[in-house]
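Colleague: Prediction below, plus the sequence it came from.
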Amino acid sequence: MYTKTAVTNKAYFDILKTKLAGGFHYNFKTLGEENPRFYTKGEGSRLWDIEGVEYLDFYAKFGAMILGHNNSEFNEALTEQIHKLLCVNHTELDIEVCDLLQYHFPSFERIRFGLSGTEIIQNALRISRAYTGKVKFLRFEGHYHGNMDNIMGGGYLEADPPIPVETLGDPRGTKGRIPHVFEQESYLIPWNDSDKLKETLEKYASDIAAVILEPVLVNGGGIKPKEGYLETVRKLCTQYGVVLIFDEVITGLRFGLSGAQGHYNVQPDLTILGKAIGGGIPVSVLGGKKEIMNLYETREVVHAGTFNGHPLGLAAIKATISILSGTQKEFYKKSEKYTREIKNTIETVALEYGFDISVTVLGSMMVFNACKTPLYQPSDLTFDTVLKNSILFKTLPNYGILISPMTRMFLNTMFEDRDLSFFKERIRPAIKESARLIDNVYNGNLTDM
């Protein structure tokens, strides 16, 4: 039985590995070893670990913590709900939360709730197949849509048809995948390539039930859609009778209260929301066109789950949207100011120490890559850039700055000037140390890696 004798993160991790598989709650294939911190307290944009070390939290649990840690207004709303009801099939929140979502997402003619993005994405694919009578879906290189066998990992190979292939070193590759699941269920093509999209739909639309994408490619390197690209996707899906699915698990609320679809003024047929929509509480949303979603009403398509629409999740959605549009409605305007300053600071300091970093601002989040210019395709992410990104990612926490994997940084409503000052104080020595480690790697000195 564990007793509180581990006083360092490393000591705690060593014990945990004997109990929790790998010592982590989830894993991908990454460069080098990970050294997790174990946190005991959070406040605003800060976290403290078991050693008492303070961190500035840009990780924000992959962007879920849009309201910050220990947000009193959010906590009060959840506490009130806990004292009312915790787990029943339906509550008086149902209509109110649907109304809130429909107000901000006009494409949500009908709604269903779940717990995770992975789960709801699979339901979106199922209902798309039922609605169209077709089997396959089309996805894009570098996009992430959960960890199920049929949709996680795989690379693009110039082939006809464009079936995803297992690639050496794919961080999302895995043993145990159902054999031939890629071939049976999906096609995969490059992102931001309108000609390839048109060509693929012209040839294979009779097989394709849905096109699924992140409207902004956050998971694949922080890549914006080219001008007019989303409009082209929308037009082609309509033309070929294919359901267009926006995976806004990350972008929903991060580009504003109407997500990336509101920002770019392109409406999909189905949308998935997760992460920030619950402010840190597990809950997900599937919203879309009435004629598709009515397949649930007729019971031709099954959507099951004990915790679908659970009261705490609905209370979290209500509180999150209410806070973002109410007492902290200046969040998006403040984010513009802070992201601009953070971007300029990172790029300037990196240049001083002899290597390039390009920061892309995506609403209330940022993605940086160790290269001269923003990425336009996931294939632009070279091994050199991935290696440098990895060194930066693992060095920053040693200087009190936490970022999300894939070098993503998420702001929250409680971020303030003192947090910006903390960042500016710590980023210079962190980048200086990263530059030293990068030089060592390229000079063959790996002793302190």
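Modeller: Okay, I see it.
Colleague: can I have stretch 255-273 written out in PDB, keeping just the CAs?
Modeller: Included here for stretch 255-273 are C-alpha records, laid out as PDB according to Å, rounded to 0.1, in the frame of the first residue of the first chain:
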ATOM      1  CA  PHE A 255     -12.200  30.600 -32.200                       C
ATOM      2  CA  GLY A 256     -15.100  32.200 -30.500                       C
ATOM      3  CA  LEU A 257     -18.500  31.000 -29.200                       C
ATOM      4  CA  SER A 258     -19.400  29.700 -32.600                       C
ATOM      5  CA  GLY A 259     -16.300  27.800 -33.200                       C
ATOM      6  CA  ALA A 260     -14.200  27.600 -36.400                       C
ATOM      7  CA  GLN A 261     -17.400  27.300 -38.500                       C
ATOM      8  CA  GLY A 262     -18.500  30.700 -37.200                       C
ATOM      9  CA  HIS A 263     -15.100  32.200 -37.700                       C
ATOM     10  CA  TYR A 264     -14.900  31.000 -41.300                       C
ATOM     11  CA  ASN A 265     -18.700  31.100 -42.000                       C
ATOM     12  CA  VAL A 266     -18.900  27.600 -43.300                       C
ATOM     13  CA  GLN A 267     -21.600  25.300 -42.000                       C
ATOM     14  CA  PRO A 268     -21.000  21.500 -41.900                       C
ATOM     15  CA  ASP A 269     -23.700  18.900 -41.800                       C
ATOM     16  CA  LEU A 270     -22.500  17.400 -38.500                       C
ATOM     17  CA  THR A 271     -20.200  18.900 -35.800                       C
ATOM     18  CA  ILE A 272     -18.400  17.300 -32.800                       C
ATOM     19  CA  LEU A 273     -17.600  19.400 -29.800                       C
END
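Colleague: Quick check: buried residues in the one helix or strand Asp14 maps to?
Modeller: Asp14 is part of helix 9-16 when elements are defined by DSSP states H and E. Buried residues in helix 9-16, counted by 16 or more other Cβ atoms under 10 Å: Asn9, Tyr12, Phe13, Leu16. From N, CA and C alone the C-beta is placed, and that goes for glycine too.
Colleague: State the pLDDT value of the first one.
Modeller: As predicted, Asn9 sits at a pLDDT of 93.
Colleague: Report the separation between it and Glu51.
Modeller: Distance, Asn9 to Glu51, using Cβ to Cβ, to the nearest Å: 6 Å.
Colleague: other SSEs contacting the following helix or strand past the helix holding Asp14?
Modeller: Downstream of helix 9-16, the next assigned helix or strand under DSSP H and E is strand 39-43. With contacts taken as 3 or more Cβ pairs under 8 Å, 6 or more residues apart in numbering; DSSP states H and E, strand 39-43 sits against strand 46-49.
Colleague: Could you find the closest non-adjacent residue to Cys87?
Modeller: Distances taken as Cβ to Cβ, 6 or more residues apart in numbering place His310 nearest to Cys87, at 6.0 Å, with adjacent residues excluded.
Colleague: Surely the one you found is in contact with Ser284?
Modeller: No: applying Cβ atoms under 8 Å as the test, His310 and Ser284 come out as separate, 11.3 Å apart.
Colleague: When these two are compared, which one has more neighbours?
Modeller: Applying other Cβ atoms under 10 Å to His310 and Ser284 shows that Ser284 carries more neighbours, namely 26 against 23.
Colleague: Angles on the backbone of that one, please.
Modeller: Backbone torsions of Ser284, given as degrees, to the nearest 10, read phi -140, psi 160.
Colleague: who are the neighbours in contact with it?
Modeller: Taking Cβ atoms under 8 Å, 6 or more residues apart in numbering, we find Ser284 in contact with 113-117, 119-120, 249, 272-274, 277-278.
Colleague: tell me the domain boundaries of this protein?
Modeller: If you go by automatic domain parsing, the domain ranges for the chain are 9-67+329-442, 72-325.
Colleague: Which of the ones you listed has the lowest mean pLDDT?
Modeller: Of all those, domain 9-67+329-442 carries the lowest average pLDDT, namely a mean of 91.
Colleague: and the end-to-end length of that one?
Modeller: Using Cα to Cα, to the nearest Å, the end-to-end distance of domain 9-67+329-442 comes out at 30 Å.
Colleague: any common contacting residues for His310 and Ser284?
Modeller: Common neighbours of His310 and Ser284 (Cβ under 8 Å, 6+ apart) are Phe113, Leu115.
Colleague: Tell me the predicted confidence for Ala6.
Modeller: pLDDT recorded at Ala6 is 62.
Colleague: helix/strand/coil for Thr385?
Modeller: Under DSSP: H, G, I helix; E, B strand; the rest coil, Thr385 falls in the helix class.
Colleague: Tell me which residues touch it, please.
Modeller: Thr385 makes contact with Asn369, Ala370, Cys371, according to Cβ under 8 Å, 6+ apart.
Colleague: phi, psi of Ile212?
Modeller: Backbone torsions of Ile212, given as degrees, to the nearest 10, read phi -120, psi 140.
Colleague: so the closest residue to it other than its chain neighbours is in which element?
Modeller: Closest residue to Ile212 apart from its sequence neighbours, by Cβ to Cβ, 6+ apart: Ile245 at 4.2 Å. Counting by DSSP H and E, the element that carries Ile245 is strand 243-248.
Colleague: Check which helices and strands that strand sits against.
Modeller: Packing contacts for strand 243-248, counted by 3+ Cβ pairs under 8 Å, 6+ apart, involve helix 117-132, strand 208-213, helix 229-240, helix 259-264, strand 270-273.
Colleague: elements contacting the longest one?
Modeller: In this structure, helix 117-132 packs against strand 110-114, strand 208-213, strand 243-248, strand 270-273, strand 284-288, helix 290-297, with contacts taken as 3+ Cβ pairs under 8 Å, 6+ apart.
Colleague: go again using 6 Å as the cut-off
Modeller: Helices and strands touching helix 117-132, by 3 or more Cβ pairs under 6 Å, 6 or more residues apart in numbering; DSSP states H and E, are strand 208-213, strand 270-273, strand 284-288, helix 290-297.
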